[in-house]
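Peer 1: Take a look and give me a structure for this.
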Amino acid sequence: MTPDLAALIALQKLDSLIEAARKRLAELPAAEQAIAAGLASARAGVEAAKAKVQENVLARRALEKDIAALDVRLARFDDHKAAVKTNHEYTALLHEISVAKGEKTAIEDKILVLMEEAEALALDQKAAEAALAAKSTEGDKARAALTSERAAFESEAARLSHDRAQEARNVNGPVLAKYEQLIKQRKGVAVARMTGEICEACHVRLRPHIAQQIRRNDGIVNCDNCQRILYFEPPPAGVSAT
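Peer 2: As a prediction, the model looks like this:
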């Protein structure tokens, strides 16, 4: 294999690793946003649960005020009993008392319902708060892992970039320029392996005489279809080439 071809294969491997590291680094902000979104959703759940609890409290307080007002009415009715002069007036007063007591009973029933609901709402709030605490702990761990991962990938990308710069020095200038052009044009893949007379990058079968040239690995040969630089990797001993 010629030195230029060997160096290009090494460059392609380094560029593929660098691109993989860059892609992962580009994905990290979205992962961080997903963590933040999950935490925000858990906080919203707690706030919603608290709002329902508060709504229940306010509803009970309003009903308790209604009961207080009815108690005042009932006390006033009791005071009026002594001033009643006729049976008709007394019957009317008893009716008013009965109506007021009925209203009070109905309101007390509503308060009991709200009190039962309050117990369930309190449990819901505790569950929401527990979910938030768990999500917060989970988020802290996930963010720490992402921070560690970012540092590792940044370090790896820097190391690979340094190795790439070193490897690029081993390639003839015009050949390197063509490689760089192909990297940009072919989505990061400028060098590909030929397997069974087929370019592994574009999956097109090569002409027999081109395939024969590639098998020799003694020069820069391009795929007829995608123009990528091709090379041949002999199969391990005991395995026939296809």
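Peer 1: where's the residue nearest to the spatial centre of the chain, which helix or strand?
Peer 2: Computing the C-alpha centroid of the chain and ranking residues by CA atoms, centre = their mean puts A34 first, at 3.0 Å. Using DSSP states H and E, A34 maps to helix 3-81.
Peer 1: Which residues are in contact with Q125?
Peer 2: Counting by CB atoms under 8 Å, 6 or more residues apart in numbering, Q125 makes contact with 46, 49-50, 52-53. All C-beta atoms are positioned from the backbone trio N, CA, C, and that covers glycine.
Peer 1: What score does the residue nearest to the centre of the chain have for pLDDT?
Peer 2: Confidence at A34, expressed as pLDDT, is 95.
Peer 1: same deal with A241?
Peer 2: A241 carries a pLDDT value of 53.
Peer 1: ditto for G196
Peer 2: In this model, G196 is scored at 88, pLDDT.
Peer 1: what's the spacing between it and V99?
Peer 2: Computed as CB to CB, to the nearest Å, the G196 to V99 distance reads 97 Å.
Peer 1: any idea which helix or strand comes after the longest helix seen in the chain?
Peer 2: Of all the segments assigned as helix in the chain under DSSP state H, the longest by residue count is helix 87-168. Proceeding C-terminally, helix 87-168 gives way to helix 173-185 as the next helix or strand, assigned by DSSP H and E.
Peer 1: So what's the gap between the next helix-or-strand element following that next one and the chain middle?
Peer 2: Tracing the chain C-terminally past helix 173-185 and defining elements by DSSP H and E, one meets strand 191-195 next. When C-alpha coordinates are averaged (CA atoms, centre = their mean, to the nearest Å), strand 191-195 and its chain have centres 37 Å apart.
Peer 1: ends of stretch 190-204, how far apart?
Peer 2: 15 Å (CA to CA, to the nearest Å).
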